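In: missing the sequence, but the structure's below:
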């Protein structure tokens with residue numbers, strides 16, 4: 001349990017570190033995206049996922065379905081906006097999901113290759 005919390009705190013440190021950089025240097029990039037890029041660079045440089053980060057990630061994956069509740073509630077709250085442009089909403093969600101899947105696949109392949117070479 002403690003390892004999971006430490007892993008989650010490390011992941012949060014990437015997010016808040018990215019938020020600090022975005023705010024300080026007025027970067028035209030959302031902090032979560034920069035945080036993911038920083039985490040990706042760290043994992044590629046480390047060539048493995050540290051056990052503590054893996055434990056935190058496993059915990060977050062187990063509660064992942066709960067993370068969809070706030071956006072669904074927000075969507076229900078902004079029903080008029082969602083209904084005014086449903087095609088745009090579907091395209092945005094589809095495109096962001098596809099990008100997320102591609103980045104995940106790239107990272108997985110890079111980490112697997114790194115393990116095989118080590």
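Out: Thanks, I have it. The shown structure was predicted, so the numbers you read here are calculated from the model rather than taken from an experiment.

In: which helices and strands does the longest helix along the chain pack with?
Out: Longest helix in the chain, counting residues (DSSP state H): helix 86-117. Secondary-structure packing of helix 86-117 (3 or more C-beta pairs under 8 Å, 6 or more residues apart in numbering; DSSP states H and E): helix 31-46. All C-beta spots, glycine's among them, are computed from the backbone N, C-alpha and C.

In: Show me the contact partners of the helix it packs on.
Out: 11, 14-15, 17-19, 21-23, 27, 49, 103, 107, 110-111, 114 (C-beta atoms under 8 Å, 6 or more residues apart in numbering).

In: Nearest residue to the middle of the chain?
Out: Compute the mean C-alpha point of the chain, and by C-alpha atoms, centre = their mean the closest residue is residue 36, 5.6 Å away.

In: Please tell me the pLDDT value assigned to that residue.
Out: Residue 36 is assigned 92 on the pLDDT scale.

In: ditto for residue 118
Out: pLDDT for residue 118: 66.

In: If you rank every helix and strand of this structure by mean pLDDT, what lands last?
Out: helix 69-77 (a mean of 79; mean pLDDT, DSSP states H and E).

In: quick one: it to chain centroid distance?
Out: Relative to its chain's centre, helix 69-77 lies at 19 Å (C-alpha atoms, centre = their mean, to the nearest Å).

In: what ranges of this protein fall below the confidence cut-off?
Out: Within the chain, the stretches with pLDDT under 70 are 118.

In: Next, count neighbours for residue 14.
Out: Look at residue 14: counted by other C-beta atoms under 10 Å, it has 20 neighbours.

In: which SS state does it fall under?
Out: Using DSSP: H, G, I helix; E, B strand; the rest coil, the structure places residue 14 in helix.

In: residue contacts, it?
Out: By C-beta under 8 Å, 6+ apart, the residues touching residue 14 are 35-36, 38-39, 42.

In: Out of those, which end up buried?
Out: Those of the contacts of residue 14 that meet the buried threshold are 35-36, 38-39, by 16 or more other C-beta atoms under 10 Å.
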